[in-house]
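In: predicted model, plus sequence, below.
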Amino acid sequence: MKKRQGLIILFICSNFISSFAQVQLSFSDYMHLVIDSNIGYAAERLNMDVADAEVKAAHVFNDVTFSAEYANNADWNLLMGQGVSVGLSKTFSFGKRRANIDLATSEQALTAALLDDYLRNLRADAAIAYFNVLRSRNQLDIVHNAYQNIKQLADADSVRFAKGKISETNAIQSRLEAGIANNQMVQAAVEFDKSMGDLLLFFVQNESPHYSLIGELAMVVVDYNVDSLQQIAIENRADLAVALHNVEVAKRVLKVTHAERNTDMDISLGGNYNTRVRNQEAPAPSFTGFTVGVSVPLKLSNLNKGAIRAQELRIQQAQQLYEQEKRRVKTEVLQNYTTYRGLCNQVVNYDSDLLARAKEVINSKIYAYQRGDCSLLEVLDAQRTYDDVQQQYVETLYSRAVAFVELQRSIGIAS
């Protein structure tokens, strides 16, 4: 009965795994899907449209004001006549429009840098999610192979018990270990499913949500010079560009602050028509006149320089933050480089002899157990050691891949 249940679970897991094999997805195709259909990135791109619109809005000129007046000088009882006047006026601001255009342009560049930084992190996070699926797939393969080995031993022990060559306790223990391995395989399949779910969050699936990833965690090791990497990071990091644009925006805001203190000038032009005054004491003919006016505010408020001083301090603050960001970026590159090189060395150790020796030990133990030269416990210990070495190898490969992505993220190069 237990054997039958194990076969049913194995069948379900096999179907579960094969269900993801409908669409093969390479790393490059996956990254294109992320860039083309990631909803968060699409939302961030709208910020560029907003910035473009704000640049366009900054080009607007001051409106012309139209005015109209009607006057009745007690014409109904004193016959003093009526009048109509119309006028146009406009405020002329000196330097304000250009300062606002420059500020909007700087903010547009800042928005573009923020979008590049979002894409840098999106690509890195998406790449890590892809490698996480590869890790889960490899771990599932490891526990599946372990289950197959233990199941073969359990089947063989059942035959040997029937022939009286081993005790019933040994046969039961073999089936028990096979059941434990089967549960581990089911759990690994669940973890694989969860990693695929995390992966699918990065892009929109138009038709089928079932994918089979193409690729392995093994990669070509690249030797870097850390000083060159730090210089590349200074030149390429989008978040450094953001910090630098913040300095520029602060300077533009200072110019706007100065421009706002410039004296505006209101120029007006008007015309009026007055009807004839029919009052007997002071008669007057109808007439048409015009007015031209200029008004200039007295900028006594300019004596208060608090706004200018505050903005000068913001510029100083932005410059200091930029310098701090440069120091942080250099440190981050050095740390990620050290991590990457250390993991590369660990992979070399696994590839050189650790995996081969662990495989040799388990094969020897299984052969000895079949000949009756060792106990089942020794075989299980050897199997667990071999599984642990393989799991650690997969974890190291995954960690190296993540370290490579983080190194690329830190120098501002897309994965």
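Out: Cool, got the structure.
In: residue ranges of the strands in the stretch 1-150 of the chain, please?
Out: 23-25, 64-72, 82-92 (DSSP state E, counting those that start in this stretch).
In: right, so of the ones you listed, which gets closest to residue 413?
Out: Nearest to residue 413, of all these, is strand 23-25, at 22.6 Å by Cβ to Cβ. Where you see a C-beta, it was placed from the backbone N, CA and C, and this is true even at glycine.
In: enumerate the positions of that closest one that are buried.
Out: Under the neighbour-count criterion of 16 or more other Cβ atoms under 10 Å, strand 23-25 has residue 25 buried.
In: okay, residue 355 and residue 381: tell me how far apart.
Out: 17 Å (Cβ to Cβ, to the nearest Å).
In: got any ranges where the stretch 151-300 of the chain has weak pLDDT?
Out: Where the stretch 151-300 of the chain drops to pLDDT under 70, the residues are 206-209.
In: quick one: the strands in it, in order.
Out: Under DSSP E, counting those that start in this stretch, the stretch 151-300 of the chain gives strands at 211-213, 265-274, 287-295.
In: tell me which of the ones you listed sits most buried.
Out: Neighbour counts (mean count of other Cβ atoms under 10 Å) averaged over each of the strands of the stretch 151-300 of the chain peak at strand 211-213, with a mean of 19.
In: quick one: contacts of that one?
Out: 20-27, 30, 130, 133-134, 137, 196, 199-200 (Cβ atoms under 8 Å, 6 or more residues apart in numbering).
In: that older thread, I'd like to know which of the strands of the stretch 1-150 of the chain lies nearest to residue 40.
Out: Comparing the strands of the stretch 1-150 of the chain by Cβ to Cβ, strand 23-25 comes nearest, at 19.9 Å.
In: neighbouring strands - and their directions - for the closest one?
Out: strand 211-213 (parallel) (DSSP bridges).
In: of all residues in this structure, which one is nearest the centre?
Out: Residue closest to the mean C-alpha point of the chain, counted by Cα atoms, centre = their mean, is residue 122 at 3.3 Å.
In: residue contacts, the nearest residue to it once chain neighbours are set aside?
Out: Closest residue to residue 122 apart from its sequence neighbours, by Cβ to Cβ, 6 or more residues apart in numbering: residue 41 at 5.7 Å. Contact partners of residue 41, counting by Cβ under 8 Å, 6+ apart, are 34-35, 118-119, 122.
In: same thing but at 7 Å, please
Out: 35, 118-119, 122 (Cβ atoms under 7 Å, 6 or more residues apart in numbering).
In: max pairwise distance over those: which two?
Out: 35 and 118 (11.4 Å).
In: okay, now residue 224: neighbour count?
Out: Residue 224 has 14 neighbours, counted by other Cβ atoms under 10 Å.
In: any idea how far it is from residue 408?
Out: Counting by Cβ to Cβ - residue 224 and residue 408 are separated by 10 Å.
In: highest average neighbour count across the strands of the stretch 1-150 of the chain?
Out: Ranked by mean neighbour count, the strands of the stretch 1-150 of the chain are led by strand 82-92 with a mean of 15 (mean count of other Cβ under 10 Å).
In: report the backbone C-alpha coordinates of stretch 64-82 in CSV.
Out: What follows is stretch 64-82, C-alpha atoms only, in CSV (Å, rounded to 0.1, in the frame of the first residue of the first chain):
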residue,chain,number,x,y,z
VAL,A,64,-2.7,89.1,-21.5
THR,A,65,-5.5,90.5,-19.3
PHE,A,66,-8.6,92.0,-20.9
SER,A,67,-10.7,94.4,-18.9
ALA,A,68,-14.0,96.3,-19.6
GLU,A,69,-15.8,98.9,-17.6
TYR,A,70,-19.1,100.8,-17.8
ALA,A,71,-19.7,104.1,-16.0
ASN,A,72,-22.9,105.9,-15.5
ASN,A,73,-22.4,109.4,-14.0
ALA,A,74,-26.0,109.8,-12.7
ASP,A,75,-27.0,110.2,-16.3
TRP,A,76,-30.6,109.3,-15.5
ASN,A,77,-31.3,112.2,-13.3
LEU,A,78,-28.3,114.7,-13.6
LEU,A,79,-27.6,114.0,-17.3
MET,A,80,-23.9,113.7,-16.7
GLY,A,81,-23.4,111.1,-19.4
GLN,A,82,-22.2,107.5,-19.6
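In: which one's the longest helix in the protein?
Out: helix 96-162 (DSSP state H).
In: now do that helix: distance to the chain's middle.
Out: Helix 96-162 sits 13 Å away from the centroid of its parent chain (Cα atoms, centre = their mean, to the nearest Å).
In: equivalent analysis for stretch 182-189, please.
Out: That offset, for stretch 182-189, works out to 33 Å (Cα atoms, centre = their mean).
In: mind listing what's buried in that stretch?
Out: Those would be 182, 184-186, 188-189, for stretch 182-189 by 16+ other Cβ under 10 Å.
In: now, which of these lie within helices?
Out: Per DSSP H, those map to helices at 182, 184-186, 188-189.
In: which residues does the nearest residue to residue 245 once chain neighbours are set aside contact?
Out: Spatial nearest neighbour of residue 245, chain neighbours left out: residue 110 (4.0 Å); criterion: Cβ to Cβ, 6+ apart. Contacts for residue 110 (Cβ under 7 Å, 6+ apart) come out as 242, 245-246, 249.
In: now do residue 229
Out: 333, 337, 411.
In: so which of those residues is the closest to residue 160?
Out: Distances from residue 160 to these, taken by Cβ to Cβ, are shortest for residue 337, at 55.3 Å.
In: surely that closest one meets residue 228?
Out: No. Between residue 337 and residue 228 there is no contact under Cβ atoms under 7 Å: 10.5 Å.
In: between the two, who's got more neighbours?
Out: The neighbour count for residue 337 versus residue 228, taken as other Cβ under 10 Å, is higher for residue 337 (20 against 11).
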